[in-house]
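>>> Turn this into a structure:
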Amino acid sequence: MDIQEITGENYTVRYAPENTIIYFKGSLRLSGIAEYTPIANLVSQIVEEEPKRIILNLKELEFLNSSGISMLSKFIINLRKKQTIQVIVKGSDTIPWQGKSLKNLQRLMPSLILELE
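Numbers count the residues shown, from 1 in each chain. Sure thing, here's the model as predicted:
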């Protein structure tokens, strides 16, 4: 895999291949789905490697706009089609957007494990 970290002005998305964790940190306010393409490509590459599990660690993601939520939703729908990859989403119950939005990801993929701390 080529890219393991994407850094913008107010955010970082980093992949740790040793434990298949994708860390999201900061504030993702990119304008439109096209600006999320590098992140979407990163997560797609990880899925193509077909690990047994993928952990999305969103505990330090303070804000994600609707385009970002759409990108995550499409990612979860693609994972659901695989049916061989366990997905764990870790979030923070102290960050307002995460409670409702992350539960929606669980609706898209009922086998998704959601851990809000």
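>>> Residues contacting the biggest helix by length in the chain, please?
Taking DSSP state H as the criterion, the chain has its longest helix at helix 66-82. Identification of contacts with helix 66-82 by Cβ atoms under 8 Å, 6 or more residues apart in numbering yields 28, 30-33, 35-36, 39-40, 43-44, 47, 50, 54, 56, 64, 85, 87, 101, 104-105, 108-109, 111-112. Just so you know, the C-beta spots here come from the backbone N, C-alpha and C atoms, and that holds for glycine as well.
>>> partner strands of the strand with the most length in the chain, parallel or antiparallel?
Counting residues, the longest strand found in the chain (DSSP state E) is strand 53-64. Strands that pair with strand 53-64, judged by DSSP bridges, come out as strand 21-28 (parallel), strand 86-91 (parallel).
>>> what residues does it touch?
11, 19-29, 46-47, 72, 79, 85-92, 95, 97-98, 101-102, 117.
>>> Mind listing what's buried along that strand?
Neighbour-count burial for strand 53-64, with 16 or more other Cβ atoms under 10 Å as criterion, is recorded at 54-59, 61-62, 64.
>>> show me the contacts for the closest residue in space to Thr12 that isn't next to it in sequence.
Leaving aside its sequence neighbours, Thr12 sits nearest to Lys25 (Cβ to Cβ, 6 or more residues apart in numbering; 4.8 Å). By Cβ under 8 Å, 6+ apart, the residues touching Lys25 are 11-14, 60-61.
>>> try it again with 10 Å
Shown in contact with Lys25 (Cβ atoms under 10 Å, 6 or more residues apart in numbering): 7, 10-14, 57-62.
>>> That one bridge partners, please.
Beta bridges link Lys25 to Thr12, Glu60, judged by DSSP bridges.
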